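Visitor: need a structure here:
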Amino acid sequence: MKLYKLLFTFLLASCCWIAAFPQCNMQASFTYTHSGLVYTFNASQTGGVQPVQYAWEIDYGMTNLTPNTSYVATLTTGAHRVCVVAMDTTSCYDSTCATIYSNCTLATTVNNLYGPGSIALLAAQPSGAHGHLSYHWSTGATSNMVTVTAAGNYCVTVTDSVGCTATACYNWAPCNVTATYTYNHTPTNVYTFVGTSSGGTGPHHYTWFVNQNSYPNNSTIFTDSLAPGHYQVCFEDSDASGCTGSWCDTFTVHPIGGCALTANITATGTPGSTGILTAHPTGAHGSVSYNWSPAASTSSILTVANAGN
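Guide: Below is the predicted model:
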């Protein structure tokens with residue numbers, strides 16, 4: 001019997017306590033401005049029954065309730081927990097909190113230490129920090145540098161010892177510029193080279209190289225009158241990010257009217273024994289190489305012991 005009486009008394013008290021505090025529909029918020037370390041906080045709320053009073057909490061130190069919506073405080077350098085509590089005449093209340101970083105001078109940038117290529121070494125470079133620094137990359141890395149090989153936007157958040165934070169990002173992609181060219185020439189050895197390229201980001205800059213002499217004409221078409229000889233011609237495309245792609249080819253420019261190179265062979269030696277064959281080229285341009293058959297040699301003289309052509 002006593003147990004039932006005790007339970008009834010508890011339920012009755014609970015009912016009356018709930019009735020004394022009706023369901024709240026209030027929502028509190030605040031904004032702030034500052035000049036140096038002096039911060040001005042301004043509270044507002046929606047819902048509730050007027051008049052509404054406000055109390056401020058800074059780093060767990062609470063002020064008294066007051067009808068003033070503004071509150072001025074001088075904060076030390078670092079992170080501070082700031083809350084506002086709004087309460088109406090029915091004791092309905094709501095609160096909201098935010099972390100404020102006072103007098104923060106921390107800033108950071110991200111740079112690629114490797115430059116354009118197929119791999120990047122991204123480094124956070126902070127300034128204006130207070131004390132020790134910690135790093136958190138979007139990749140999960142916690143060092144001040146991270147190596148990446150896949151295209152993407154990589155961000156790092158730097159935090160100093162007083163809680164100030166700074167975030168910076170670097171949008172990186174591996175180089176994918178490719179280049180090639182074709183060429184033709186007139187009977188008078190005027191050569192026209194036409195370059196093509198793909199990939200990369202514009203604008204593009206084009207450079208031609210003829211035997212390592214550069215011609216930065218920024219055009220995909222290059223024309224030159226070439227004297228007889230051996231040439232290496234390269235076409236290079238550099239995009240806006242510094243990525244480059246190039247293509248080189250080697251060829252020989254012959255004299256106008258065609259090649260004048262001829263050769264004859266003389267034989268010396270004792271009939272029926274070892275013979276010596278000597279090649280005599282004429283009309284050559286520059287150095288001459290030799291390719292004998294059936295044996296090959298780089299010499300103009302070949303010693304043979306068997307009959308043959």
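
Visitor: CA only for contacts and neighbour counts going forward, please
Guide: Will do.

Visitor: where do the strands sit along the stretch 201-309 of the chain?
Guide: With DSSP state E, counting those that start in this stretch as the criterion, the stretch 201-309 of the chain has strands at 205-210, 213-215, 221-225, 229-238, 244-253, 262-269, 275-282, 301-304.

Visitor: what's the angle between the first one and strand 221-225?
Guide: Yep, that's strand 205-210 we're talking about. Angle, strand 205-210 to strand 221-225, by axes from the mean of the first three to the mean of the last three C-alpha atoms, to 10 degrees: 20 degrees.

Visitor: got the angle between strand 205-210 and strand 244-253?
Guide: On the basis of the same axes, to 10 degrees, strand 205-210 is oriented at 30 degrees to strand 244-253.

Visitor: which residues touch strand 205-210?
Guide: 214-220, 222, 231-239 (C-alpha atoms under 8 Å, 6 or more residues apart in numbering).

Visitor: so it versus strand 229-238, what angle?
Guide: Relative orientation of strand 205-210 and strand 229-238, computed by the same axes, to 10 degrees: 170 degrees.

Visitor: what are the buried residues along strand 205-210?
Guide: Buried residues in strand 205-210, counting neighbours by 16 or more other C-alpha atoms under 10 Å, are found at 205-210.

Visitor: chain center to it: distance?
Guide: 26 Å (C-alpha atoms, centre = their mean, to the nearest Å).

Visitor: ditto for the fifth one
Guide: The chain centre lies 30 Å from the centre of strand 244-253; the measure is C-alpha atoms, centre = their mean.

Visitor: hmm, back to that, now, of the contacts of strand 205-210, which are buried?
Guide: For these, a neighbour count by 16+ other C-alpha under 10 Å gives the buried set as 220, 222, 231, 233-239.

Visitor: now for the residue nearest the centre of the chain: which residues touch it?
Guide: Computing the C-alpha centroid of the chain and ranking residues by C-alpha atoms, centre = their mean puts Trp172 first, at 2.1 Å. Neighbour list for Trp172: 120, 151-154 [criterion: C-alpha under 8 Å, 6+ apart].

Visitor: for the protein, what spans make up the helices?
Guide: Applying DSSP state H to the chain gives helices spanning 2-20.

Visitor: least confident secondary structure element in it?
Guide: Of all helical and strand segments in the chain, the minimum by mean pLDDT, DSSP states H and E falls on helix 2-20, at a mean of 34.

Visitor: what about Thr66, neighbour count?
Guide: By other C-alpha atoms under 10 Å, 14 other residues sit near Thr66.

Visitor: next one: His132
Guide: The burial count for His132: 9, using other C-alpha under 10 Å.

Visitor: list the contacts for it?
Guide: His132 makes contact with 160-161, according to C-alpha under 8 Å, 6+ apart.

Visitor: pLDDT value on it, please?
Guide: At His132, the model reports a pLDDT of 92.

Visitor: what does Gln23 give?
Guide: pLDDT, Gln23: 59.

Visitor: got it, and Tyr54?
Guide: pLDDT for Tyr54: 95.

Visitor: ok, Thr147 next?
Guide: For Thr147, pLDDT reads 96.

Visitor: please name the bridge partners of it.
Guide: Leu121 (DSSP bridges).

Visitor: I'd guessed it sits against Ile119; true?
Guide: Yes: between Thr147 and Ile119 there is a contact under C-alpha atoms under 8 Å: 7.3 Å.

Visitor: between those two, point out the one with more neighbours.
Guide: Legend: neighbour count by other C-alpha under 10 Å for Thr147 and Ile119, higher for Ile119 (18 against 15).

Visitor: now that one: how far from Asn112?
Guide: Ile119 sits 10 Å away from Asn112, going by C-alpha to C-alpha, to the nearest Å.

Visitor: try Pro174
Guide: According to C-alpha to C-alpha, Pro174 and Asn112 sit 12 Å apart.

Visitor: great, nothing more from me.
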